[in-house]
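# build the 3D model from these lines:
(one chain, ligands or ions: 1)
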Amino acid sequence: MNAPNNPTATPEALPGHPFIAYRGDALHVEDVALTQLAAAHGTPLFVYSKAAMLAALGAYQRGFAGRDAQICYAMKANSSLGVLQVFAQAGCGFDIVSGGELERVLAAGGQAGKVIFSGVGKTRAEMRQALAAGIGCFNVESEAELDVLSGVAQAMGLKAAVSIRVNPNVDPKTHPYISTGLKGSKFGVAHVDALRIYQHAHHLPGLQVVGIDCHIGSQITEVTPYMDAMDRMLDLVEGIEAAGIRLAHIDFGGGLGINYNGDTPPAADALWAQLLAKIDARGHGAKKLMIEPGRSLVGNAGLCVTEVLYVKPGEQKNFCIIDAAMNDLPRPAMYQAFHQIVPIAAKHSPAPAAAYDVVGPICESGDWIGRDRVLSVAPGDQLAVLSAGAYCMSMASNYNTRGRAAEVLVDGATAHLIRERESVSDQMRHERLVQPAG
Ligand code: LLP
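From the prediction side, this is the model:
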């Protein structure tokens, strides 16, 4: 909540958001004023900065300079075609979790050979689709899946390249819903079973073992869980290779956090400097490295512009009712997540400052976007919900028959509409009334 209320404030990027700044009276994404975008496209509206995405990617690229490494954007974070196109053009691969995501990668110009397919529940049809497209690797999450994939590949006269996702059993110290690397998680195979399962995979006729994989959770802001996981993975690499199974790559997953509310995750290059030092010290520096970052590439590159509909004083609380809701921004309802909320006009609002719960129009008490936020707001004012580039639009729903918002990608002074606002007829297109019999 550090938006300037003073019209003479000098242009200044918001802390942690180098491509989002107040210029004169208006909040800008790169060189485009959000007031203009809201007037042109309406609200709620997601706006992304291409430069911010490329800067976030650049930190990883610097971290891997001179190494054999492949960055596979975990597209579940934001799978809009215009966003995928940015990463495809920048040379990224993609981490997918469904056949639908594979179709999106190909539609956005991504290369199948740089795709890795994660997820605990791949169907045979998805396996066939991915093999036919020629994806780079399957991250297999169970012994049963290995058997099915081998059979599917054999029937197609192919060998599927696989790595097995191992659960290193380290605590990523994040929200329980986004912790994945602990015992008791549905993901991956147990560390103690990994060698036996690798030996099984090695003998299956439709598979070629190429790597090892882990992903310990999301919104990780500490280095230690990563260092511990790397040690656990390298222990296994050594055991598996001692058993005569060569591993060409180590896939270390994603999970690096972003600054939502004063969080201080390590920078991607600094984190990787430490991890690479460990890998080198243990003699595995020549192995190919793969990673699957999602949130850290897009989260702080995006925001959601929304309009204040009503201000409602209550007995215990004041409510600021906005036109974005939990169907657009599901993270507060799902994870009690914090997103900063700032005005898009920096001019002094005549409304007195007060503490509000910022809520949407959906008929659920869980439909809140921010709690106890001090704002000077009146109906018609527009606000920006920050850090909305990841896990917002990709998790958006049509609850309450609300159309999904439009999306704009800003590149310098140019704004590209990358998704039109969804209409009610779009939503009803696949539905049918029951026809009377006869
Ligand atoms: N790789 C795998 C296998 C994953 O499951 C995930 C995320 C990633 C990579 C990317 O993780 P990231 O770098 O984005 O942390 N909806 C939640 C986050 C769910 C993450 C699911 N898996 C949220 O809004 O916080």
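
# the one helix or strand Arg373 maps to packs against which elements?
Secondary structure assigned from DSSP states H and E places Arg373 in strand 368-375. Where contact means 3 or more C-beta pairs under 8 Å, 6 or more residues apart in numbering; DSSP states H and E, strand 368-375 is packed against strand 318-322, helix 331-335, strand 341-343, strand 354-359, strand 382-385. C-beta: built from backbone N, CA, C; applies to glycine.

# could you dump these to a markdown table with mean neighbour count and mean pLDDT?
As requested, those are arranged in a markdown table below (neighbours: other C-beta atoms under 10 Å; pLDDT from 0 to 100):
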| stretch | mean neighbour count | mean pLDDT |
| --- | --- | --- |
| strand 318-322 | 21 | 98 |
| helix 331-335 | 19 | 97 |
| strand 341-343 | 22 | 97 |
| strand 354-359 | 20 | 97 |
| strand 382-385 | 26 | 98 |
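
# wait, which of the ones you listed is closest to the ligand?
helix 331-335 (4.8 Å; C-beta to the nearest ligand atom).

# neighbouring contacts of the closest one?
By C-beta atoms under 8 Å, 6 or more residues apart in numbering, the list of residues contacting helix 331-335 from outside reads 175, 177-178, 326, 337-339, 364, 366-370, 391-392, 395.

# still on that earlier bit, nearest to Pro15, out of the helices and strands packed on strand 368-375?
Nearest of the helices and strands packed on strand 368-375 to Pro15, taken as C-beta to C-beta: strand 341-343 at 11.0 Å.

# before we move on, the earlier item: any idea which of the helices and strands packed on strand 368-375 gets closest to Lys288?
Nearest of these (C-beta to C-beta): helix 331-335, 33.3 Å.

# start to end distance for stretch 23-36?
13 Å (C-alpha to C-alpha, to the nearest Å).

# buried residues, that stretch. List them.
By neighbour count on 16 or more other C-beta atoms under 10 Å, the buried set for stretch 23-36 is 26-30, 32-35.

# distance from the chain centre to it, please.
Distance, stretch centre to chain centre, for stretch 23-36: 25 Å (C-alpha atoms, centre = their mean, to the nearest Å).

# one step back: the strand holding Arg373 versus strand 354-359: what angle between them?
160 degrees (axes from the mean of the first three to the mean of the last three C-alpha atoms, to 10 degrees).

# looks like Leu276 contacts Gly285 (just checking).
Yes. Using C-beta atoms under 8 Å, Leu276 makes contact with Gly285 at a distance of 7.3 Å.

# neighbour-wise, which of these two wins?
Each of Leu276 and Gly285 has its neighbours counted (other C-beta atoms under 10 Å); Leu276 has more, 19 against 14.

# do you know how far Glu238 is from the ligand?
Distance, Glu238 to the ligand, by C-beta to the nearest ligand atom, to the nearest Å: 23 Å.

# just the ones of the contacts of helix 331-335 in strands?
368-370 (DSSP state E).

# want to throw these into a markdown table with distance to Val434 and neighbour count?
Shown next, in a markdown table, are the ones in strands among the contacts of helix 331-335 (distance: C-beta to C-beta, whole Å; neighbours: other C-beta atoms under 10 Å):
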| residue | distance to Val434 | neighbour count |
| --- | --- | --- |
| Trp368 | 37 | 19 |
| Ile369 | 38 | 28 |
| Gly370 | 42 | 22 |
